[in-house]
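Chemist: below are the sequence and a predicted model for it; my questions follow.
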Amino acid sequence: MINVILKSFFLILFIFNYSYSDTINSIKINGNKRISKETILILGDINIGSEFDSSNLNRSLKKLYDTKFFKDVELSFKNNSLVINLIENPIIEKINITGIKKKSFMEIIYDEISLKDRMSYTDFQFKKDVNLIQNILKINGYYFSKIKITKEENKEFNSIILNIDIDLGDKAKIKD
């Protein structure tokens with residue numbers, strides 16, 4: 001008896017499950033400054049004339065976030081028109097690391113951090129890089145080091161200069 005009820009439930013579910021999709025006739029993009037409309041459409045795999053449903057919207061949204069170019073992306077689809085509202089992440093103009101005199105040690109830090117000049121800045125990635133710098137310092141015996149961070153933002157060009165001042169402190173040594 002339960003088997004018949006379950007089968008009939010799934011049959012009704014599949015019969016009445018509608019998949020709504022519409023054709024994109026126009027696209028409006030708001031909030032882009034550096035990244036062109038064409039680049040956004042390519043990155044999001046969005047084309048005028050293609051069929052779009054909620055699954056495609058979610059997939060495009062994920063692709064746009066995965067680029068790390070955008071802090072916020074909002075897609076809305078009404079009357080066959082797709083509206084994309086976004087906020088771009090700032091570009092890193094320069095990363096200044098000061099407080100370390102040994103050039104080879106500085107090169108190790110620059111090589112290991114993932115954020116570089118001319119990349120998109122994200123708070124999450126920056127926090128990971130600061131944590132990585134702290135770990136590199138500890139591995140090299142600087143357990144009491146302090147890191148001071150300042151950010152210089154240029155709203156006009158949507159860019160940022162990161163200043164990382166490292167006070168190495170005393171190097172830990174093992175006594176006899």
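Modeler: Yep, that arrived.
Chemist: quick one: low-confidence ranges for the chain?
Modeler: Applying pLDDT under 70 to the chain flags the ranges 1, 4, 6-21, 176.
Chemist: and the longest helix belonging to the chain, what does it pack against?
Modeler: Residue-count comparison of every helix in the chain, with assignments taken from DSSP state H, identifies helix 123-139 as the longest. Contacts defined by 3 or more Cβ pairs under 8 Å, 6 or more residues apart in numbering; DSSP states H and E place helix 123-139 against helix 103-112, strand 146-154, strand 159-167. The way it works is simple: take the backbone N, C-alpha and C, and place the C-beta from them, glycine included.
Chemist: again, 6 Å this time
Modeler: Helices and strands touching helix 123-139, by 3 or more Cβ pairs under 6 Å, 6 or more residues apart in numbering; DSSP states H and E, are helix 103-112.
Chemist: so what touches the helix it packs on?
Modeler: The contact list for helix 103-112, computed with Cβ atoms under 6 Å, 6 or more residues apart in numbering, reads 100, 132-133, 136.
Chemist: now swap in stretch 169-176 and tell me
Modeler: Defining contact as Cβ under 6 Å, 6+ apart, one finds that stretch 169-176 is touched by 141-145.
Chemist: contacts only, for Ile95.
Modeler: By Cβ under 6 Å, 6+ apart, the contact list for Ile95 reads Leu162.
Chemist: before we move on, back to that, tell me which residues of the longest helix of the chain are tucked away?
Modeler: 125-126, 129-130, 133-134, 136-137 (16 or more other Cβ atoms under 10 Å).
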